[in-house]
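Colleague: using only what follows, build the 3D model:
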Amino acid sequence: MQILALGALAVASCLGILGVEAGRLMSYPPHVRTKRGAYIVEFDSHISSAHVSKFQGMSDIAVSHHYTKAFNGISVSTENIDPTHLANVDGVKRVWPVRYYRPAACPRGASNSTDAYLHHMTGVERALKELGLNGKGVKIGIVDSGVDYNHPELGACWKTEGCPWQYGQDFVGDKYTQANPVIEPNPTPMDCDGHGTHVSGILAGQGPQVHGVAPGATYGMYRVFSCPDGTESFASDDIILQGIEAAHKDGLDIISLSLGESGWPEEPIGVATAKIVEDGVVVVAAAGNDGAGGLLTTSSPAVAHGVISVGSIDNWNVTAKPAIVTSDQGSKPVMLSTPGNANYTFDFESDVPLAFPDSNGANLNGCSKFSSDLAGKIAFVKRGDCTFNDKITNAYEAGADGVLCYNNESGLLGPTTTVPVPIPFVMISEKDGAYIADRLAAGPVFVKSPKGEYETFSSETGGQMSSFSAYGPSPELDMYPLISAPGGNIWSTYLLKDGGYASISGTSMAAPYISGTAALIKQAHPELSVEDITRLLISTGKPITDPSTSLKFSPFRSGGGLVNVYDAIQSRVQFDPPVLSINDSKVGPINGDSKLTSLGTVRWAARTITVHNYDSKKHMEISLDNMAGNSMSSLLANGSFTYKPRVWPADATGNVPDDTVPQVYSFNGKKVIKPGQSDSITVFIVAPKGLKDAEQWYYGGFVEFTVQWQNEKTTSKYNVPYGGYNGDYAAQQVLSPVSDGLPAIVDSTGNPIQDLSTLVIKENVTATLLYGLSMPSRLVEVNMVNSDTGESVGYIYNGYMDYAPKTCPQCTVPHISTTIWSYVSTDKEGKDNVKVPAGKYHALLRALLPRGDISNDKDYQVWKSGDFTVA
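Modeller: Reported below is the predicted structural model:
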């Protein structure tokens with residue numbers, strides 16, 4: 001079971017005061033304390049002082065002071081305005097947060113200048129300040145790696161009067177490892193990893209440096225993860241179930257899970273969480289970090305029925321370690337990711353030369369053995385085509401002192417390396433990488449990164465979906481994730497022994513954020529059910545625009561969009577169901593309305609949405625529209641497979657024919673609903689007719705509802721996400737594409753056996769069958785078949801798998817392996833083994849197609865190996 005975070009950046013030193021310019025909006029490093037909702041606005045030099053009237057006329061801004069002599073500008077305070085809007089006003093030169101000064105002495109820790117901005121964008125700030133909410137009276141359980149409860153921002157207490165930590169226990173202890181699973185629980189769930197402490201700060205941070213979403217709630221920590229075993233912590237599902245069950249027995253209202261594996265709701269933890277939801281407990285789970293694998297990568301228990309699954313949004317500002325890159329164009333600071341292995345940090349006090357893997361510029365991804373001698377140099381490689389472990393191993397074998405890897409898409413990924421290689425591995429953005437690649441092709445490039453230096457950078461992907469965030473749908477074509485929250489580059493509490501604060505990325509960080517928002521809703525409306533809270537979070541989410549297409553990110557990527565808890569709390573309307581999973585569409589004309597009939601033969605589905613008016617005094621007038629999202633496919637235009645989804649529209653030009661995006665129609669799309677009453681609206685969702693079925697598009701969007709309340713001037717917007725598959729979902733191929741080089745039978749050194757007729761299996765000679773799955777499969781079987789008789793003699797070792805996950809080279813599960821030896825299993829569990837008679841055999845791999853019938857041989861995709869000999 002994984003902890004769903006991506007690396008850590010711990011700060012344990014006294015930092016200098018530094019501002020980093022990004023356009024016209026300025027930001028400060030995390031140790032600089034800023035005043036919430038307060039900004040200084042500088043005007044261009046040619047702008048007269050009369051320009052202040054523009055700001056005085058804005059309803060959500062209060063001009064605190066107008067500067068006219070030493071400074072041309074104003075100071076403002078605002079609760080509701082995004083500071084980027086201030087920076088974009090004509091005549092504005094720069095905007096700064098208002099900061100505090102202190103004596104020039106080293107503080108105990110670092111202060112997060114981006115915290116208020118996160119809460120501002122999600123409505124948390126308004127819920128805390130305007131509504132006076134803080135989660136008081138709500139009990140939240142965290143099942144994780146423990147908590148450093150001695151941290152001053154987490155209460156510095158455990159189960160004492162007035163302490164936020166009143167529940168929880170340790171289920172594993174510090175001796176628990178995979179090699180030696182000795183369970184000796186400690187008296188308290190003290191964290192030895194840091195992940196749980198970071199999660200706890202997002203929820204419960206008391207300030208002044210980390211402000212949690214629900215700082216007034218009561219908490220329980222149920223430690224189920226080991227101390228780091230090498231570079232990673234781990235937990236088994238039986239221990240996790242103990243933690244979840246204990247939290248449920250303690251009567252907690254919300255359980256937050258920043259963990260997951262594979263992607264089927266039928267797994268034990270998925271079943272358990274679904275049951276807890278039925279009992280009236282809100283369960284929130286991270287969607288997973290396998291975004292590199294593309295579609296169908298949401299993990300379990302996030303796909304469990306009733307669980308609120310959470311995708312990740314990138315932070316708008318990022319606190320990170322910088323590297324100074326020097327070339328013929330001078331020096332340039334670039335932002336570094338967290339290291340792949342926290343034990344090997346990217347610390348270089350003086351310039352070190354960068355080098356391509358090969359002098360001729362080939363092997364840029366670093367996936368083959370390097371031809372260059374990189375002794376005394378840092379390898380410069382590009383993400384893609386192989387694992388981070390492969391890249392760092394090849395670099396180390398070439399003598400490199402470290403690896404600088406640049407992303408192959410927007411954003412910054414926190415890598416993880418698990419091989420015992422004693423050099424640092426960090427990543428930089430695609431934009432910075434392209435700059436360095438150009439300079440390195442032209443001449444020498446050097447890099448340095450002194451230990452203990454940190455800066456705050458404006459993120460180029462701030463407010464966008466995190467590249468690591470897993471995609472839906474579920475294997476059963478249900479909508480996942482359900483909602484998104486900040487999870488990329490989040491500053492929070494960390495182990496005191498490691499500096500007390502850290503920046504970590506992952507859906508692990510997004511899940512507790514949603515758990516906190518659920519607590520605020522529950523405090524405001526204690527009568528609401530789990531289903532009510534889920535509906536409110538989704539319908540008031542803000543769909544996110546994809547800048548590459550100008551449409552919204554598919555709900556199979558973002559769910560309802562970025563959470564806005566203030567709107568959820570203030571909502572007087574609910575929509576049921578909150579999402580529309582189109583997994584039973586029809587093909588043909590839509591009868592009953594001339595406009596719809598005129599569409600001709602289309603793929604369509606009808607869904608009924610019940611709208612509840614919870615205002616006891618006012619009627620509401622409701623109308624609907626369609627907000628189309630991106631369509632996504634795992635096939636490129638030439639028909640080849642891609643893990644990074646191909647997206648339609650192909651660009652943001654706006655030239656998008658209507659029939660290439662999904663459409664929504666309704667016969668009765670405008671209604672008046674009386675106070676306290678409900679009514680139903682039927683919508684017809686039409687798949688993109690202009691996109692070919694053979695291209696396997698997953699389409700989606702949002703039914704956008706506009707509500708006008710009686711005697712109120714302003715309107716409210718709500719959304720119901722929808723999504724489906726444009727074709728026969730059951731006809732998709734399950735096995736990985738040929739381009740992955742799988743399935744393959746390899747020898748003991750991992751090299752493919754090209755001529756299987758030379759393979760002779762004996763007691764001491766085995767081979768391995770490797771295969772991958774391009775989408776999850778309900779059942780996979782690998783049989784050893786007698787080539788003369790065509791009869792199976794049994795399952796190859798590990799040759800039977802229920803609920804198999806999707807695999808990909810950069811996923812949690814890169815491939816699946818089975819061992820071919822002189823014994824086979826006659827039972828699914830692999831307990832009854834029999835010796836294989838001598839003869840000619842082949843491996844027969846069968847993977848059940850989507851929605852296939854286990855008993856129907858025609859519902860399997862089949863691969864047959866060449867013949868080999870068993871002696």
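Colleague: how far away is Ala214 from His198?
Modeller: Between Ala214 and His198 the distance is 16 Å, computed by CB to CB, to the nearest Å. For glycine as for every other residue, the C-beta is placed from the backbone atoms N, C-alpha and C.
Colleague: likewise for Ser787?
Modeller: Applying CB to CB, the value for Ser787 to His198 is 55 Å.
Colleague: what of Ser855?
Modeller: Using CB to CB, Ser855 is found at 47 Å from His198.
Colleague: how many residues are close by Gly500?
Modeller: Gly500 is flanked by 23 other residues according to other CB atoms under 10 Å.
Colleague: go ahead and confirm it touches Tyr494.
Modeller: Yes: taking contacts as CB atoms under 8 Å, Gly500 lies within contact range of Tyr494: 5.9 Å.
Colleague: centroid-nearest residue for the protein?
Modeller: Centroid-nearest residue in the chain, with CA atoms, centre = their mean: Ser469, separated by 2.3 Å.
Colleague: mind checking the SS state of that one?
Modeller: Under DSSP: H, G, I helix; E, B strand; the rest coil, the three-state class of Ser469 is coil.
Colleague: quick one, what contacts it?
Modeller: The contact partners of Ser469, by CB atoms under 8 Å, 6 or more residues apart in numbering, come to Ala287, Gly288, Asn289, Gly291, Gly311, Ser312, Pro481, Ser484, Gly487, Thr507, Ala510, Arg557.
Colleague: now do the phi/psi pair for it.
Modeller: phi -70, psi 130 (degrees, to the nearest 10).
Colleague: cool, Ala272 as well?
Modeller: Torsion angles at Ala272 (phi, psi; degrees, to the nearest 10) stand at phi -60, psi -40.
Colleague: from His248, how far off is it?
Modeller: Distance from Ala272 to His248, counting by CB to CB: 9 Å.
Colleague: same question, Lys806
Modeller: Noted for Lys806: a distance of 30 Å to His248, by CB to CB.
Colleague: repeat for Val686
Modeller: Val686 is 43 Å from His248, by CB to CB.
Colleague: hey, where'd the strands end up in the stretch 201-350 of the chain?
Modeller: Ranges of strands in the stretch 201-350 of the chain, per DSSP state E, counting those that start in this stretch, are 218-223, 254-257, 259-260, 282-286, 308-314, 317-320, 322-327, 330-335, 348-355.
Colleague: any weak-confidence spans in the stretch 101-250 of the chain?
Modeller: Within the stretch 101-250 of the chain, the segments meeting pLDDT under 70 span 101-117, 230-231.
Colleague: helices of that one, residue ranges please.
Modeller: Taking DSSP state H, counting those that start in this stretch as the criterion, the stretch 101-250 of the chain carries its helices at 115-121, 124-129, 195-204, 237-249.
Colleague: need the ones you listed in TSV (columns: distance to Lys762 and mean neighbour count).
Modeller: As requested, the helices of the stretch 101-250 of the chain are exported to TSV (distance: least, CB to CB, whole Å; neighbours: other CB atoms under 10 Å):
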stretch	distance to Lys762	mean neighbour count
helix 115-121	61	22
helix 124-129	64	22
helix 195-204	46	31
helix 237-249	37	20
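Colleague: let's have the ones you listed in CSV, adding distance to Thr706.
Modeller: Shown next, in CSV, are those (distance: least, CB to CB, whole Å):
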stretch, distance to Thr706
helix 115-121, 22
helix 124-129, 22
helix 195-204, 33
helix 237-249, 40
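Colleague: and Tyr797, which of those is closest to it?
Modeller: Closest to Tyr797 of the helices of the stretch 101-250 of the chain, according to CB to CB: helix 237-249, at 22.3 Å.
Colleague: the closest one vs strand 218-223, what angle?
Modeller: Helix 237-249 and strand 218-223 are oriented at 160 degrees to each other (axes from the mean of the first three to the mean of the last three CA atoms, to 10 degrees).
Colleague: residue ranges with poor pLDDT in the stretch 601-750 of the chain?
Modeller: Confidence mapping of the stretch 601-750 of the chain against pLDDT under 70 gives the ranges 669.
Colleague: rerun that using 90 as the cut-off
Modeller: Residue ranges of the stretch 601-750 of the chain with pLDDT under 90: 650-658, 667-670, 730-731, 737-741, 748-750.
Colleague: and the next helix or strand past the longest helix seen in the chain?
Modeller: Longest helix in the chain by number of residues, with DSSP state H as the criterion: helix 507-524. As assigned by DSSP states H and E, the chain's next helix or strand after helix 507-524 is helix 530-539.
Colleague: tell me the buried residues in that next one?
Modeller: Of the residues in helix 530-539, Val530, Glu531, Asp532, Ile533, Thr534, Arg535, Leu536, Leu537, Ile538, Ser539 count as buried by neighbour count, 16 or more other CB atoms under 10 Å.
Colleague: and it, average pLDDT?
Modeller: For helix 530-539, the mean pLDDT works out to 98.
Colleague: now do stretch 421-438
Modeller: Mean per-residue pLDDT for stretch 421-438: 93.
Colleague: so which bits of that stretch are buried?
Modeller: For stretch 421-438, burial by neighbour count (16+ other CB under 10 Å) applies to 421, 423-430, 432-433, 435-437.
Colleague: inside helices: which ones of those?
Modeller: Glu430, Asp432, Gly433, Tyr435, Ile436, Ala437.
Colleague: now, among those residues, which is nearest to Pro152?
Modeller: Of all those, Pro152 sits closest to Asp432, with 36.1 Å by CB to CB.
Colleague: would you agree that closest one is in contact with Val334?
Modeller: Yes: using CB under 8 Å, Asp432 is in contact with Val334, at 4.2 Å.
Colleague: could you name every residue contacting both of these two?
Modeller: The contact sets of Asp432 and Val334 overlap at Val325 (CB under 8 Å, 6+ apart).
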